[in-house]
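Colleague: this one's sequence-less:
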C-alpha cells in the first residue's frame, strides 16, 4: 500500500473534453483514472440505442478513448473506473477487449458491474409492495408505469471495490453514483470498513469535487474567472487520498486552469441539496464539517469531514415519455430589434390560437435581452439584435408538428429585418421526464463479473 493514492478525473459527463484522459495519464503520476458519463436523461438515450442495436447502450466515445490510453495505463499500472457502461456494461467491456486484442495487450481484466437496470422488473417490484413513489411529488409510479423508458438503481462504491479485489484493471459499471467512482479506490487501497462513516464521507465529498471534471479546476468559474490561466489547456482535478481520510485536490503541473479554495468551494455547492444530509449508498455526509486549507500552489487540502450511517434504501432514477416539444429561433436586427421580436411573438401566438392547436406550454425567450434572467432583466438600450426563441410542449403530436410549419412564414409575413432561421422546420422531439424514487437495498443486488483476455 502506498500513501497517498492519486485518483484523476478524466470525464465529467458524456461529451466532455476528449483530450482530458490522455493528459491525466501522461502529464504526471496517477494510480486511478475515473470517468463519469451518466446523467438521468442519458440512461433513456442509451436504452433507445440498445433497443435499436443490442450491442449498444453505452457511451460510444469511451471505447476508442480507452484504446488510445490503454498502452500507457498498462505500462504505468493505472486502473480505470467508469460508469460509461450505461445500460449495457457487458457490451462495452467486450468492445474494449476487442480493441485490447488488436493492440496486443495481454492478461487484461475488466470488471463488469450490473444489476442496476431494473426496467424489466418494475411490475415484479410493484407486486411486492414497492410503489416507487416520486420523491419530489409523492405520486405513485402507476401514473406513468406504461411510459417508463429507463429505470436504474444508483449503486455505490462497494461493487467497484469487489471488482478491484477480483483483480480488475478496468471497472465498467452501469448507473453508479458519481461519487462512488472516486470513493471506491480509497476503500480498496486502505481497507476502510462499511461503518467508517467519517472516512467514507470524506471520500464521497472528494468524489463530489471530482465528478464534474474541469469545473473544479477553473472551468465554469464564477469568481475571478478572467484570471484563470490557460483554460485552453485546462488540467482536470486529481485527488490525493490518505488513509486517515484527508484529501488534497490538485492537478498536474504545467497544465492550465486553477485549483484554489474558491474553485473547490464552488464545486462543493454544486447540486448538493441539504448540506447536512448528503445521502449516498455508503454514508450520509455533512458538508458543513468540511475544513479547507491551502497546501501550496494549486493544492487545497480537505479534512475534518463527518459522516453518519447510511440509509437502508437506494435511489432509483427513472425516465418516462411525457409528450413532445419543438423549438425554433429567428433573429431580428436593428432598428427596433426587441420590438420586432416581441411583435413576432404576439403574431405567432395568435396564429397558433386561431388554428386551434393544443399545447401544455408555450415559452418565449428573447436571447440577448432576458433569456437568462427573465423579468428581472434591465433592458439595455440600444439593442442591436435579438434572437427570438419560441418553443411549445404538449401531448398532441400533430399540434407540435404544425407549430413547426408556422415559423418560416413569419419571415415574409411578420416584422422586417429577420434572419437566423436555420435547420428548416423544427420537428417534434419526445420529451423525457425524470422520476426519482427509492427501493429497499435488500430488494436488489449488484452482480460483479470479470472478463479477461
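Modeller: Received, thanks. Just so you know, these numbers come straight off a predicted model, no measurement behind them.
Colleague: Now residue 295. Nearest residue, chain neighbours left out?
Modeller: Sequence neighbours aside, residue 301 is the residue nearest to residue 295 in space, at 4.3 Å (criterion: C-beta to C-beta, 6 or more residues apart in numbering). For glycine as for every other residue, the C-beta is placed from the backbone atoms N, C-alpha and C.
Colleague: if I pick residue 225, what's in contact with it?
Modeller: Contacts for residue 225 (C-beta atoms under 8 Å, 6 or more residues apart in numbering) come out as residue 218.
Colleague: Please apply the same query to residue 439.
Modeller: When contacts are counted by C-beta under 8 Å, 6+ apart, residue 439 is found next to 118, 125, 130, 132, 153, 313-314, 316.
Colleague: Narrow those to those in strands?
Modeller: Among these, the ones falling in strands (DSSP state E) are 153, 313-314, 316.
Colleague: Relative to residue 280, which of those is nearest.
Modeller: residue 314 (10.0 Å; C-beta to C-beta).
Colleague: number of nearby residues for the nearest residue to that closest one once chain neighbours are set aside?
Modeller: Of all residues beyond its chain neighbours, the one nearest residue 314 is residue 153 (4.9 Å), with distances taken as C-beta to C-beta, 6+ apart. Neighbour count for residue 153, taken as other C-beta atoms under 10 Å: 25.
Colleague: hang on, isn't residue 153 packed against residue 115?
Modeller: Yes: the pair residue 153 / residue 115 is scored as a contact, 7.5 Å apart, by C-beta atoms under 8 Å.
Colleague: so what sits against both of the two?
Modeller: Taking C-beta under 8 Å, 6+ apart as the criterion, residue 153 and residue 115 both touch residue 444.
Colleague: and stretch 227-238, how far from the chain's centre?
Modeller: Put simply, stretch 227-238 sits 20 Å off its chain's centre (C-alpha atoms, centre = their mean, to the nearest Å).
Colleague: quick one: contacts for the residue nearest to residue 314?
Modeller: With C-beta under 8 Å, 6+ apart, residue 153 has these contacts: 115-116, 118, 175, 314-316, 439, 444.
Colleague: so which of those residues is the most crowded?
Modeller: The most crowded member of these, judged by other C-beta under 10 Å, is residue 175 (28 neighbours).
Colleague: what's across from the nearest residue to that one once chain neighbours are set aside in the sheet?
Modeller: Sequence neighbours aside, residue 152 is the residue nearest to residue 175 in space, at 3.6 Å (criterion: C-beta to C-beta, 6+ apart). On the basis of DSSP bridges, residue 152 is bridged to residue 117, residue 317.
Colleague: residues near residue 152, how many?
Modeller: 27.
Colleague: now residue 132
Modeller: Using other C-beta under 10 Å: residue 132 sits among 24 other residues.
Colleague: For the chain, which residues score under the pLDDT cut-off?
Modeller: For the chain, the stretches with pLDDT under 70 are 1.
Colleague: mind giving me the domain ranges of it?
Modeller: Listed by automatic domain parsing, the domain ranges of the chain are 5-116+154-311, 321-434.
Colleague: In terms of helix, strand or coil, where does residue 168 fall?
Modeller: Assigned by DSSP: H, G, I helix; E, B strand; the rest coil, the conformation of residue 168 is coil.
Colleague: check contacts around it.
Modeller: 79, 109-111, 450.
Colleague: what about it, distance to residue 79?
Modeller: In this view, residue 168 and residue 79 are 7 Å apart by C-beta to C-beta, to the nearest Å.
Colleague: cool, residue 282 as well?
Modeller: Distance check for residue 282 against residue 79: by C-beta to C-beta, it reads 20 Å.
Colleague: quick one, what contacts the closest residue to residue 224 other than its chain neighbours?
Modeller: Spatial nearest neighbour of residue 224, chain neighbours left out: residue 262 (7.3 Å); criterion: C-beta to C-beta, 6+ apart. By C-beta under 8 Å, 6+ apart, residue 262 lies in contact with 221, 223-224.
Colleague: For those residues, pick the one with the most neighbours.
Modeller: In the contacts of residue 262, the most neighbours by other C-beta under 10 Å go to residue 221, 22 neighbours.
Colleague: Okay, and which of the contacts of residue 168 map to strands?
Modeller: The strands, defined by DSSP E, take in 79, 109-111, 450 from the contacts of residue 168.
Colleague: Return the member of the residues you listed nearest to residue 403.
Modeller: Nearest to residue 403 among those, counting by C-beta to C-beta, is residue 110 at 47.1 Å.
Colleague: Who does the closest one form a beta bridge with?
Modeller: Residues in a beta bridge with residue 110, per DSSP bridges, are residue 170, residue 451.
Colleague: residues near it, how many?
Modeller: 26.
Colleague: list the contacts for it?
Modeller: Neighbour list for residue 110: 93, 96-97, 168-172, 450-452 [criterion: C-beta under 8 Å, 6+ apart].
Colleague: tell me which of those is nearest to residue 375?
Modeller: For these, the minimum distance to residue 375 (C-beta to C-beta) is 46.7 Å, reached by residue 172.
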